[in-house]
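Visitor: Okay, predicted coordinates and the sequence, questions at the end:
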2 protein chains.
Amino acid sequence: MTTKKVSIFKSVLAADEQFAHSIRKEMSEREILVLNLIGSPGAGKTSLLEETLKRRRFNSAVVEGDIATARDAERIASCCVPVVQINTRGGCHLEANLVSKALKALSLENVDVVFIENVGNLVCPAEFDLGEDYKVAVCSSAEGADKPLKYPHLFHECGAVVLTKKDLFPHVRFDRDLFWSDVDSLNAKAAKFEVDNLSGEGIDGWVDQVEKWLNLKRRS
Amino acid sequence: MTTKKVSIFKSVLAADEQFAHSIRKEMSEREILVLNLIGSPGAGKTSLLEETLKRRRFNSAVVEGDIATARDAERIASCCVPVVQINTRGGCHLEANLVSKALKALSLENVDVVFIENVGNLVCPAEFDLGEDYKVAVCSSAEGADKPLKYPHLFHECGAVVLTKKDLFPHVRFDRDLFWSDVDSLNAKAAKFEVDNLSGEGIDGWVDQVEKWLNLKRRS
């Protein structure tokens, strides 16, 4: 029984790895950077995207993942950027086969960066390769400083950590030094940013990083 | 292939339902109320428990679920309450077989209420029966008012919704009327509370509800 279960799980994963591989190959040929934004519900992923898109430093398209509703896609559409909403109907993470379909539904002519906003969940999405160049961990100061060690997988895997809601530092118990030293202990190489999505403070540094990644991809 | 997958999944679920059933039966015989607290990382579940336990209105024991670390259990232990930490090592939710083992490790003599703090995740834990009397949705104002409709399953299933971090209302974009009307549209019967875990404001109303559930259980 156990053996069967494992072999089936492997075959499902292998099929999904194929989709991830195809996405990565196609996006490399087209020199499109793909970023997979992962964080808890309410971490500020959509607001970070809105602030990023507003700056118009590169041409973007967005894949939105949610269990239900198209609220996030509607917010992104009002930034005049191509967007597709995936509703997982209970699924706790995006998978590459869903992203592959979504990318086919988007017009990628002249697009430089595809942002994938994963389902709000600090756990499961970190396990799944969507063919992205980098995972980006998005975490808010309101969540508390203990999250990196309590949810280590994402922080270990990601190319950048964006700490949102820095405007709340005076109003919440948040040990900033502990947060960043724990992130460092898991992943010293990740790029690190603190932003306030409401005022836009800190967003430019993050957008510089996206542009840096984009230029690296074009040169590779 | 598909058929095998479904049948195996069913058999795993059925085994876990047996554990949930046994927990429910034993806890009913002992007249112990069991509550399953579910919410995003950083929603304030552990702080809500600390404030609840401090009031000593009933004898409590706690099962802590986390992917890694024993930080939450250490916080609860300092409230002088019996506690067991389950580390799921990557698992995104608690399952009844794990809770069953944890309960055996706790001394339940004279205990009135067992609080289970699930892994921080608004999605997957809502799907799993742990033998509890009620699921409790814990959601913070910092997460934004759109969470009930975006993550409907938990809000639909739960016996109570506790909105935490009410002290942040002046500092975050949070449409309180929208939040509660969306909760009502999913679950008009759920008991509803707004609390501030830092000052303790609103906690007494929530603790009254726990006591009410406990008395109902003893009378049934």
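Guide: Everything's here; your move.

Visitor: Can you tell me how far the nearest residue to residue A:132 once chain neighbours are set aside is from residue B:53?
Guide: Nearest non-adjacent residue to residue A:132, counting by C-beta to C-beta, 6 or more residues apart in numbering or on different chains: residue A:36, 3.8 Å away. For the C-beta atoms, the positions are set from N, CA and C on the backbone; glycine is no exception. The gap separating residue A:36 from residue B:53 is 39 Å, by C-beta to C-beta, to the nearest Å.

Visitor: More neighbours: which of those two?
Guide: Ranked by neighbour count (other C-beta atoms under 10 Å in any protein chain shown), residue A:36 and residue B:53 place residue A:36 first, with 27 against 22.

Visitor: The helix or strand hosting the more buried one pairs with which strands?
Guide: For residue A:36, the host element (DSSP states H and E) is strand A:33-39. In the sheet, strand A:33-39 lines up against strand A:113-117 (parallel), strand A:134-140 (parallel) (DSSP bridges).

Visitor: what does the last one contact?
Guide: Residues from elsewhere that reach strand A:134-140 (C-beta atoms under 8 Å, 6 or more residues apart in numbering or on different chains): A:35-40, A:42-45, A:48, A:122, A:126, A:147-148, A:154-155, A:157-165, A:168, A:190, A:213, B:42, B:142.

Visitor: Just give the number of residues close to the closest residue to residue A:82 other than its chain neighbours.
Guide: The shortest distance from residue A:82 to any non-neighbouring residue, by C-beta to C-beta, 6+ apart, is to residue A:61 (4.4 Å). Residues contacting residue A:61 under the criterion other C-beta under 10 Å number 24.

Visitor: For residue A:61, list each beta-bridge partner.
Guide: residue A:114.

Visitor: now it: how far from chain B?
Guide: 22 Å (C-beta to the nearest C-beta, to the nearest Å).

Visitor: Let me see the contact set for that residue.
Guide: Residue A:61 neighbours (C-beta under 8 Å, 6+ apart): A:81-83, A:106-108, A:111, A:113-115.

Visitor: who's in contact with the spatially most central residue of chain A?
Guide: Nearest to the mean C-alpha position of chain A, counting by C-alpha atoms, centre = their mean, stands residue A:37 at 0.8 Å. Counting by C-beta under 8 Å, 6+ apart, residue A:37 touches A:45, A:48-49, A:115-118, A:136, A:138.

Visitor: Mind putting these into CSV with neighbour count and pLDDT?
Guide: CSV is the format used below for the contacts of residue A:37 (neighbours: other C-beta atoms under 10 Å in any protein chain shown; pLDDT from 0 to 100):
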residue, neighbour count, pLDDT
A:45, 26, 98
A:48, 23, 98
A:49, 25, 98
A:115, 25, 98
A:116, 26, 98
A:117, 28, 98
A:118, 29, 98
A:136, 28, 98
A:138, 29, 98
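
Visitor: just how off-centre is the host helix or strand of residue A:208 within its chain?
Guide: In the assignment (DSSP H and E), residue A:208 maps to helix A:203-219. Its chain's C-alpha centre and that of helix A:203-219 lie 15 Å apart, by C-alpha atoms, centre = their mean, to the nearest Å.

Visitor: Could you check the angle it makes with strand A:113-117?
Guide: For helix A:203-219 against strand A:113-117, the angle by axes from the mean of the first three to the mean of the last three C-alpha atoms, to 10 degrees is 120 degrees.

Visitor: Low-confidence regions, chain A specifically.
Guide: A:1-13 (pLDDT under 70).

Visitor: Please enumerate the helices of it.
Guide: In chain A, the helices defined using DSSP state H lie at A:2-29, A:45-54, A:71-77, A:96-105, A:147-150, A:152-157, A:176-186, A:203-219.

Visitor: any chance of the ones you listed in TSV, plus distance to residue B:130?
Guide: What follows is these, written out as TSV (distance: least, C-beta to C-beta, whole Å):
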stretch	distance to residue B:130
helix A:2-29	22
helix A:45-54	29
helix A:71-77	30
helix A:96-105	29
helix A:147-150	20
helix A:152-157	23
helix A:176-186	29
helix A:203-219	39
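
Visitor: Kindly give a single ChimeraX line that selects the buried subset of the contacts of strand A:134-140.
Guide: To isolate the buried subset of the contacts of strand A:134-140 in ChimeraX, counting by 16 or more other C-beta atoms under 10 Å in any protein chain shown, use the following:
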select /A:35,36,37,38,39,40,42,43,44,45,48,122,126,147,148,154,155,157,158,159,160,161,162,163,164,165,168,190,213 /B:42,142
